[in-house]
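> here is the input, now give the coordinates:
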Amino acid sequence: MVEQGLAARQAAAALLRGVLVDGRLLSELPAPKLSDPAELARAQRLAVTTLRWQDRADRLLGRYLRKMPPAEAMVLLRLGTVEICEEGAAAHGVVNAMVSLAQKHKSTKHFKGLINATLRKVGGEGRGKWRSLPAPQLPKWLRKPLGDDYGKATVVAMEEVQAMQPPLDLTVKNGDSQALAEKLGGEVMPGGSVRLREFGQVSKLPGFKEGDWWVQDMAASLPVQLLDLKPGETALDLCAAPGGKTMQMAALGADVTALDLSEKRMARVQENLNRTGLKAKLVTGDALEHQGQYDAILLDAPCSATGTMRRHPDLARAKDGSDFPGLFELQERMIDHALTLLAPGGRLVFCTCSLLPDEGEIQAEDALKRHDNLEIIQPNLPFIDPAWIKPEGGIRLRPDYLADQGGMDGFYMALMRKT
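Numbers count the residues shown, from 1 in each chain. Predicted coordinates for the structure are as follows:
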């Protein structure tokens, strides 16, 4: 049996090894086997927070290490450093816990002395240096292309937002955002999302069980608004899981078909629909093989997900950009096929939760070149800052937008129509 106080840390270390040693995303890893929900939540929080602050932890640890120890030992050093410096945990308890965890693994037990000595220094003088260090930087494989596209100052601004604990954004089923904001002590964001800065367990919040709302970043809620659905229109949500946009479309009264390749992910869409009392036709299959005619199509295409790293910092650590070219090609093919599914006069919103123009602006521009009968319609959403609209007519969202209110996910979206 794992001693009291160690179970969550041991589970967090296992999650971090899965990302930093095995190169897997947190979503691909099995959930820790912890019977106490509070301990499970703590383990997941520790892992995510360590990944979010890894760059700063490495900068601080570099002051006390002559050379980098093996990756498994670095997991414990980073976990301990972040818990001491960012979470404010008592240093002696963290040091003892990390030494105990080191002893449990053959790959780390020979480094328990190093871990003990280093974390004692972190808990001493290191704690005072923590806040003076720069905001965590993105890994070089991503930082350089983003710097080329946006400039260094913008990348730094995005990194500062991504280092923050992200707020919780909710989409309201009945559209009465102000009432829910007052009930939960939140604020209404542009587009109607309700933002909570302080929150506990999501499923315990008022209105969750009743299906009054669902979790969805404000940026992710805008593509459906751009589509401007009318009641009774036939609508297709390609790549629908986990279902936030499907629920938005259904709540507007559209006749919605939701499609996704993964049976497991579609089961989650059905769970969300059941909770909110909304209806859609669910289809498990390949988006490139789907047939039909629809008034409106939402294509939230598979992408690098680089726009969601403030919520999923494991993306920057488990990926290296090598799969990007394949994603660019897939997005191109999906746009072309989606256009064949539009009824006369129909419209398509193409969107990606990516910061890379190759998965946004460039895809839209290339689609216009491939299709003579295609146009991009300028967005008609009154809350959109004109600076967010790109020359081709799409909307580019970045984490540093509305930074004083907590920022947003990076997104690109464009409303297309056959002429």
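
> just for the stretch 1-150 of the chain, where's the confidence low?
Scanning the stretch 1-150 of the chain for pLDDT under 70 picks out 1-4.

> 90 instead, please
Within the stretch 1-150 of the chain, the segments meeting pLDDT under 90 span 1-5, 31, 35-38, 105-106, 135, 139.

> can you give me the helices in it?
In the stretch 1-150 of the chain, the segments counted as helices under DSSP state H, counting those that start in this stretch are 7-20, 37-52, 54-61, 71-85, 91-103, 112-121, 127-129, 140-150.

> now render those as TSV, adding distance to Leu273 and mean neighbour count.
Every residue, glycine included, has its C-beta placed from N, CA and C. TSV is the format used below for those (distance: least, C-beta to C-beta, whole Å; neighbours: other C-beta atoms under 10 Å):
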stretch	distance to Leu273	mean neighbour count
helix 7-20	30	22
helix 37-52	24	19
helix 54-61	37	22
helix 71-85	38	25
helix 91-103	41	19
helix 112-121	47	18
helix 127-129	47	13
helix 140-150	35	16
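
> need those helices in CSV (columns: distance to Glu28).
Formatted as CSV, these follow (distance: least, C-beta to C-beta, whole Å):
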stretch, distance to Glu28
helix 7-20, 8
helix 37-52, 13
helix 54-61, 19
helix 71-85, 17
helix 91-103, 23
helix 112-121, 27
helix 127-129, 34
helix 140-150, 19
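
> to Leu196, which of those lies closest?
Nearest of the helices of the stretch 1-150 of the chain to Leu196, taken as C-beta to C-beta: helix 37-52 at 16.2 Å.

> tell me how far the nearest residue to Gln137 once chain neighbours are set aside lies from Ser100.
Using C-beta to C-beta, 6 or more residues apart in numbering and skipping residues adjacent in sequence, the residue nearest Gln137 is Asp55, 5.0 Å away. Distance of Asp55 to Ser100, given as C-beta to C-beta, to the nearest Å: 26 Å.

> show the average pLDDT along the host helix or strand of Leu348.
Here Leu348 sits within strand 342-352, counting by DSSP states H and E. With pLDDT averaged residue by residue, strand 342-352 scores 96.

> kindly list the main-chain dihedrals of Gln331?
phi -60, psi -40 (degrees, to the nearest 10).

> what's the distance between it and Leu299?
Relative to Leu299, Gln331 is positioned 9 Å away (criterion: C-beta to C-beta).

> repeat for Pro382
On the measure of C-beta to C-beta, Pro382 and Leu299 end up 24 Å apart.

> list of residues touching the strand holding Leu348?
Here strand 342-352 makes contact (C-beta atoms under 8 Å, 6 or more residues apart in numbering) with 223-224, 226-227, 234, 293-301, 303, 307, 331, 335, 338-339, 359-360, 363-364, 367, 377, 411-418.

> buried subset of those residues?
223-224, 226-227, 234, 294-301, 303, 307, 331, 335, 338-339, 359-360, 363-364, 367, 411-416 (16 or more other C-beta atoms under 10 Å).

> quick one, strands of the stretch 101-250 of the chain?
For the stretch 101-250 of the chain, the strands defined by DSSP state E, counting those that start in this stretch occupy 168-172, 187-188, 194-196, 213-215, 234-238.

> closest to Ala251 out of those?
Closest among the strands of the stretch 101-250 of the chain, using C-beta to C-beta: strand 168-172, at 8.5 Å.

> coming back round to it: just the buried positions in the strand holding Leu348, please.
Going by neighbour count (16+ other C-beta under 10 Å), the buried part of strand 342-352 is 342, 346-352.

> now the strands of the stretch 101-250 of the chain in CSV, please, with extra columns for distance to Asp22 and mean pLDDT.
Below are those laid out as CSV (distance: least, C-beta to C-beta, whole Å; pLDDT from 0 to 100):
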stretch, distance to Asp22, mean pLDDT
strand 168-172, 29, 98
strand 187-188, 39, 98
strand 194-196, 33, 98
strand 213-215, 28, 98
strand 234-238, 31, 97
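
> what's the domain layout of the protein?
7-132, 216-418 (automatic domain parsing).

> with distance to Gln162 added, can I get the ones you listed in CSV?
Below are the domains of the chain laid out as CSV (distance: least, C-beta to C-beta, whole Å):
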stretch, distance to Gln162
domain 7-132, 7
domain 216-418, 4
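
> quick revisit: out of the helices of the stretch 1-150 of the chain, which gets nearest to Lys173?
Nearest to Lys173, of all the helices of the stretch 1-150 of the chain, is helix 37-52, at 25.6 Å by C-beta to C-beta.

> packing partners of the closest one?
Contact partners of helix 37-52 among helices and strands, from 3 or more C-beta pairs under 8 Å, 6 or more residues apart in numbering; DSSP states H and E: helix 7-20, helix 71-85, helix 314-318.
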